[in-house]
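Peer 1: starting from these lines, generate the structure:
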Amino acid sequence: MRIGLIAALRRSEEGALRAELPLAGRTVLAWQGALLQSLGVERVLCLTETSAASGAMLALQRTLERTGTAFHALKGFAALPALVRAEDDLIVIADGLVPEPVVVQALLSGGGGLARAVASLPADHPLAASHPEDFERIDATRCWAGVLAMRGAPVQQLADMPADADAISLLLRLALQAGTPIRDLSPREVVPESWLLADNAPSVAQAGAGLIARAALPVDGRAPGSWLAGMMARAIVVRGSTGAVPVAAGAALAAMLGGLLLAASGVGGAGLLLAGVGAFAAEVAWRIASLSRRLIGKGESAGSRARVDVAVDVAAALTGWFALAPWPDWQPLAALGPVVVGLARLVADGSGSGLSAAASDRTSLLLLLSLAAVTGFLPEMLACLSLGLLAALLLRRAED
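Peer 2: Model (predicted):
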């Protein structure tokens, strides 16, 4: 069995537990749990100050157990010899450390399995110099980098150690005594952006902002609705609001259905306005989900963007239809609603020009049509938009 060991014992400069500091919408503890899962652990052990699990630990336990990974919070290390068998592999991450997953995975990968190793950094590295109690000296020139993978057999020796000893430090010494290879990390791999020690709240907040900035998709100011949705999504992820994606998705569905019903009942302006709100909520939901996935290194969900766009465009086209011809009336002019949405979709699939960005912004389009409906110029506005979008397509084809 592959087992992970983390700790929530040491405190930041402000007095809070390092493991519970928020980093880009998740606690340090949650980041460590996700890293251990990516390394294939089947059980996560967490050393704590008290026997009662905190809210952060309970949240991590629920997250891990949903994917089949067991979690145990341990007061002291007395139970470790019973939980880690001699044939197990144990991966240890230092208290409050959030290392770059790609670096750790490369460090501990070998022959299709887990490579046992003690990660090290130069003794004169700024991290080792400023936090000698966290990055202990291994020899004259190297310090521990805060990550190791070892055999489970030496863990049995903890039963003979004093109960008030530092379990992580003991395990480091036991791993070295057992002949676990030392792998040196280059100074380029261990930088604040990729090897974060959560020793104070301001530095963690700054690191979290950097993580989100690097993971967020670019936003184009030429598409105001999408730009605002991107900004809102980033703010929500920074706050770590749980359940934001289903709430935003539910609001999008309710708003678009409500807009469709209002338009069908003859209140076209209000229907288009509500549909625009729904399109904005759908964009926010997608951007939150996308940013959350990118933060943990999962990348984009295949086809998610296309599914959202199709759903929003279908709702926008039907709302535009009924805004011109409420149910059960029939007017050929009502086809302008779907035509404009279809042409905007074709223009948005272009080469990333300013017009393409603007045409992809369904929120702004629906709000513009809502204003036109309220002022009584909806047919004229749809006709002008149709001609303009068609001209853009023809000009693009001529340029190609």
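Peer 1: could you list the low-pLDDT ranges of this structure?
Peer 2: 51-52, 111-112, 240-242, 297-303, 350-354, 398-400 (pLDDT under 70).
Peer 1: check the gap between the residue sitting nearest the centre point of it and residue 104 for me.
Peer 2: Central residue of the chain (CA atoms, centre = their mean): residue 292, 1.9 Å from the mean position. Using CB to CB, to the nearest Å, residue 292 is found at 20 Å from residue 104. In short, each C-beta sits where N, CA and C put it, glycine included.
Peer 1: with residue 305 instead?
Peer 2: 30 Å.
Peer 1: of these two, who's got more company?
Peer 2: The neighbour comparison of residue 305 against residue 104 (other CB atoms under 10 Å) goes to residue 104, with 25 against 13.
Peer 1: what sits against the residue nearest to the centre of the chain?
Peer 2: 25, 237, 245 (CB atoms under 8 Å, 6 or more residues apart in numbering).
Peer 1: same question, residue 262
Peer 2: Neighbouring residues of residue 262 by CB under 8 Å, 6+ apart: 268, 270, 271, 274.
Peer 1: and the contacts of residue 292, which of them are in strands?
Peer 2: Among those, DSSP state E puts none in strands.
Peer 1: between those residues, which sits nearest residue 99?
Peer 2: Relative to residue 99, the closest of those is residue 25; by CB to CB it sits at 18.4 Å.
Peer 1: need phi/psi at the closest one.
Peer 2: Note on residue 25: its backbone torsions stand at phi 90, psi -10 [degrees, to the nearest 10].
Peer 1: and it, how close does it get to residue 209?
Peer 2: Residue 25 sits 11 Å away from residue 209, going by CB to CB.
Peer 1: same question, residue 202
Peer 2: Using CB to CB, residue 202 is found at 11 Å from residue 209.
Peer 1: more neighbours: these two, which one.
Peer 2: Neighbours per residue (other CB under 10 Å) separate residue 202 from residue 209, with residue 209 holding more: 14 against 10.
Peer 1: the more buried one in helix, strand or coil?
Peer 2: Here residue 209 takes the helix state, with states given by DSSP: H, G, I helix; E, B strand; the rest coil.
Peer 1: who are the contact partners of it?
Peer 2: Residue 209 makes contact with 24, 238 under the criterion CB under 8 Å, 6+ apart.
Peer 1: now with 6 Å?
Peer 2: With contacts taken as CB atoms under 6 Å, 6 or more residues apart in numbering, residue 209 has no neighbouring residues.
Peer 1: what's the answer for residue 135, then?
Peer 2: Listed by CB under 6 Å, 6+ apart, the contact partners of residue 135 are 127, 128, 143, 144.
Peer 1: next, give phi and psi for the first one.
Peer 2: Think residue 127. phi -60, psi -40.
Peer 1: now it: closest residue in space, sequence neighbours ignored.
Peer 2: residue 135 (5.7 Å; CB to CB, 6 or more residues apart in numbering).
Peer 1: picking up where we left off before, what is the nearest of the contacts of residue 135 to residue 252?
Peer 2: residue 127 (44.2 Å).
Peer 1: show me which positions of stretch 187-200 end up buried.
Peer 2: For stretch 187-200, burial by neighbour count (16 or more other CB atoms under 10 Å) applies to 189, 190, 194, 195, 196, 197, 198, 199.
Peer 1: straight-line length of that stretch, end to end?
Peer 2: The straight-line separation of the ends of stretch 187-200 (CA to CA, to the nearest Å) is 22 Å.
Peer 1: name the SS class of residue 343, please.
Peer 2: The three-state label for residue 343, taken from three-state DSSP, comes out as helix.
Peer 1: residues contacting the residue nearest to it when sequence neighbours are not counted?
Peer 2: Leaving aside its chain neighbours, residue 343 sits nearest to residue 389 (3.8 Å; criterion: CB to CB, 6+ apart). Residue 389 makes contact with 343, 344, 347, according to CB under 6 Å, 6+ apart.
Peer 1: list the helices and strands the longest strand seen in the chain packs on?
Peer 2: Determined from DSSP E, the single longest strand within the chain is strand 142-151. Counting contacts by 3 or more CB pairs under 6 Å, 6 or more residues apart in numbering; DSSP states H and E, strand 142-151 is packed against strand 89-93, strand 117-122, helix 167-177.
Peer 1: can you say which of the ones you listed is packed in most?
Peer 2: strand 89-93 (a mean of 24; mean count of other CB atoms under 10 Å).
Peer 1: relative to residue 218, how far out is the closest residue to residue 146 other than its chain neighbours?
Peer 2: Using CB to CB, 6+ apart and skipping residues adjacent in sequence, the residue nearest residue 146 is residue 94, 3.6 Å away. Separation of residue 94 from residue 218 (CB to CB): 35 Å.
Peer 1: the two: which is more packed in?
Peer 2: Ranked by neighbour count (other CB under 10 Å), residue 94 and residue 218 place residue 94 first, with 26 against 6.
Peer 1: where along the stretch 251-400 of the chain do the helices fall?
Peer 2: For the stretch 251-400 of the chain, the helices defined by DSSP state H, counting those that start in this stretch occupy 268-295, 304-324, 336-348, 354-359, 362-375, 378-399.
Peer 1: what comes up buried for the shortest one?
Peer 2: Within helix 354-359, the residues scored as buried using 16+ other CB under 10 Å are 355, 356, 357, 358, 359.
Peer 1: can you tell me which of those is nearest residue 178?
Peer 2: residue 357 (58.2 Å).
Peer 1: and the closest one, how far from residue 212?
Peer 2: Distance check for residue 357 against residue 212: by CB to CB, it reads 22 Å.
Peer 1: and residue 131, by the same measure?
Peer 2: Counting by CB to CB, the gap from residue 131 to residue 212 is 25 Å.
Peer 1: before we move on, what about residue 174?
Peer 2: 38 Å.
Peer 1: got it, and residue 383?
Peer 2: Per CB to CB, residue 383 is found 43 Å from residue 212.
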